[in-house]
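> Structure here, sequence nowhere to be found:
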């Protein structure tokens, strides 16, 4: 059984092991695979594993031995799933492996904006505190989360954990969710998107990217948000209209935008958000803690093993 990993570097740049997959077949791991090289790299593969390399219907048609596609992520929009099903090819993903890491990054962005830790760390290193007349100083507003309202769009595994931790900070939690109100834990109030926008001090996006959520936060909806509110996006870059967010930051309507994702990755250097002082980015690393990546590779191996044993798991 030939197993090919098309883009293994992001999940394992060398600090983890592929040995569990190696035990299941003849394994080839490519650090990266360009669009034009997918068929060549996977020509004889029975099993393909991919994080961001797209597996289209055209690619599938050129891989006659292909029986299984494993997505090295939770989202599987890189795969033409419908066509794969038509061809009898099993597709699986890896749900919930990075929940704790993404939630942690969500609050890292919230706390960075409210407490400006990076700003002050840079100033202290440059000598400003050493020259200060008083024992302390601050030149930005410092915001306490307790008593503030956090609005959460999407209450899946990540959104629910964000809600739980927000309550520990003393925040009031409102959410847009498909779940029925009666089924929500105590302390989480369901509302509409427009209602959420009008009350949230912090708005955090945790919904999947679909045709309905593409540019969910656009110019019109940004106008509905409270002046001075904070927008957080650790979901997908396309959930927001980046030009509209840049304008809202420039005008001061948004206090800050914290994101781990962008619509185009890597981003274009002329993206208007990159010029905004109050836009803070991490380079799509919320999922990338060593602990989360270890779970990712282990679950990927478990998925392949289950497929080979005739009982596929995490099918999409």
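Cool, got the structure. As the structure is a prediction and not an experimental result, all values here were calculated from the model.
> Would you map the helices across the stretch 51-200 of the chain?
57-61, 81-86, 99-115, 117-126, 157-168, 193-199 (DSSP state H, counting those that start in this stretch).
> Indicate which one of those is closest to residue 311.
For residue 311, the closest of those is helix 81-86, at 17.6 Å, according to C-beta to C-beta. The way it works is simple: take the backbone N, C-alpha and C, and place the C-beta from them, glycine included.
> hmm, who's touching the closest one?
Outside helix 81-86, the residues within contact range by C-beta atoms under 8 Å, 6 or more residues apart in numbering are 55-57, 60, 69, 90-91, 316.
> what about the closest residue to residue 228 other than its chain neighbours, which SS state?
Computed as C-beta to C-beta, 6 or more residues apart in numbering, the closest residue to residue 228 that is not its neighbour in sequence is residue 255, at 4.8 Å. At residue 255 the chain is in strand, as set by DSSP: H, G, I helix; E, B strand; the rest coil.
> Now do the same for the residue located most distally from the centre of the chain: its pLDDT.
Ranked by distance from the centre of the chain (C-alpha atoms, centre = their mean), the top residue is residue 133, with 43.1 Å. You'll see residue 133 listed with a pLDDT of 96.
> Please report the distance of it from residue 119.
Remark: distance between residue 133 and residue 119 (C-beta to C-beta, to the nearest Å) = 20 Å.
> How about residues contacting the biggest helix by length in the chain?
The single longest helix within the chain, with elements called by DSSP state H, is helix 290-308. By C-beta under 8 Å, 6+ apart, the residues outside helix 290-308 that reach it are 1, 3, 11-12, 15-18, 20-21, 24-25, 47, 49, 67-68, 70, 72-73, 90, 92, 94, 97-98, 100-101, 287, 312-314.
> Weed out the non-buried ones from those residues.
3, 11-12, 18, 21, 25, 47, 49, 67-68, 70, 72-73, 90, 92, 94, 97-98, 100-101, 287, 312, 314 (16 or more other C-beta atoms under 10 Å).
> From the contacts of helix 81-86, keep the buried residues only.
55, 60, 69, 90-91, 316.
> Now these in JSON lines, please, with extra columns for pLDDT and distance to residue 144.
Output for the buried ones among the contacts of helix 81-86, formatted as JSON lines (pLDDT from 0 to 100; distance: C-beta to C-beta, whole Å):
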{"residue": "55", "pLDDT": "98", "distance to residue 144": "47"}
{"residue": "60", "pLDDT": "98", "distance to residue 144": "53"}
{"residue": "69", "pLDDT": "98", "distance to residue 144": "47"}
{"residue": "90", "pLDDT": "98", "distance to residue 144": "50"}
{"residue": "91", "pLDDT": "98", "distance to residue 144": "46"}
{"residue": "316", "pLDDT": "94", "distance to residue 144": "42"}
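> Export those residues to CSV and append columns for distance to residue 140.
Listed next are the buried ones among the contacts of helix 81-86 as CSV, based on distance: C-beta to C-beta, whole Å:
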residue, distance to residue 140
55, 46
60, 52
69, 48
90, 52
91, 47
316, 44
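> Mind picking the two most distant members of the residues you listed?
Between all members of these, the farthest pair (by C-beta to C-beta) comes out as 60 and 316, at 15.1 Å.
> How far off centre is the longest helix of the chain?
19 Å (C-alpha atoms, centre = their mean, to the nearest Å).
> buried stuff in it?
292-297, 299-301, 303-304, 306-308.
> just the residues you listed now: which is nearest residue 194?
Residue 194 lies nearest to residue 292 out of these, by C-beta to C-beta, at 34.1 Å.
> so what's the closest one scoring on pLDDT?
Predicted confidence (pLDDT) for residue 292: 98.
> Equivalent analysis for residue 63, please.
97.
> what number of residues lie near it?
For residue 63, the count of nearby residues is 21 (other C-beta atoms under 10 Å).
> Which of the contacts of helix 290-308 fall in strands?
With DSSP state E as the criterion, strands contain 3, 47, 49, 68, 70, 90, 92 from among these.
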